[in-house]
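# Build me a model from this:
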Amino acid sequence: MLIVHVHIQVKPQFIEDFITETKENAQKSRNEPGIARFDFIQQIDEPTMFLLVEVYRTSDDPKKHKQTEHYAKWRDKVENMMEKPRKSIKYSNITPNDEGW
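Next comes the predicted model:
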């Protein structure tokens with residue numbers, strides 16, 4: 001498993017639009033065979049901060065995800081909504097084991 005945390009800060013005036021667009025992308029992403037999990041969360045004490053928790057089955061699956069129509073649509077629609085470029089951090093799985101996902 002490859003786990004990616006994508007940290008995103010959104011301009012305050014775009015919070016609702018960003019949520020709408022990202023919910024659609026997350027729902028469609030969950031249907032991809034290479035994605036075990038795709039969570040979209042918002043920070044409670046700073047509502048302009050969001051996190052995508054993406055769990056991929058193989059190291060090739062993020063590339064496949066970025067080739068989908070829904071990802072390209074999301075990327076293009078939300079780019080100007082961000083306060084600064086998004087940042088991703090990659091993690092390897094320790095527990096639960098891969099079968100637990």
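# And the strands in the protein?
For the chain, applying DSSP state E gives strands covering 2-9, 35-42, 49-56, 87-92.
# Would you mind getting the angle between the first one and strand 35-42?
Between the axes of strand 2-9 and strand 35-42, defined by axes from the mean of the first three to the mean of the last three CA atoms, to 10 degrees, the angle is 20 degrees.
# Buried residues in strand 2-9, which are they?
Neighbour counts using 16 or more other CB atoms under 10 Å place 2-4, 8-9 of strand 2-9 among the buried residues. C-beta coordinates here come from the backbone N, C-alpha and C atoms, glycine included.
# out of these, who's nearest residue 16?
Set against residue 16, the nearest of those by CB to CB is residue 8 (14.6 Å).
# That closest one and residue 53 touch, don't they?
No - counting by CB atoms under 8 Å, residue 8 sits too far from residue 53 to count as a contact (11.9 Å).
# Output the buried residues of strand 2-9 as JSON lines; include the columns distance to residue 73.
Converted to JSON lines, those look like this (distance: CB to CB, whole Å):
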{"residue": "2", "distance to residue 73": "23"}
{"residue": "3", "distance to residue 73": "24"}
{"residue": "4", "distance to residue 73": "19"}
{"residue": "8", "distance to residue 73": "16"}
{"residue": "9", "distance to residue 73": "21"}
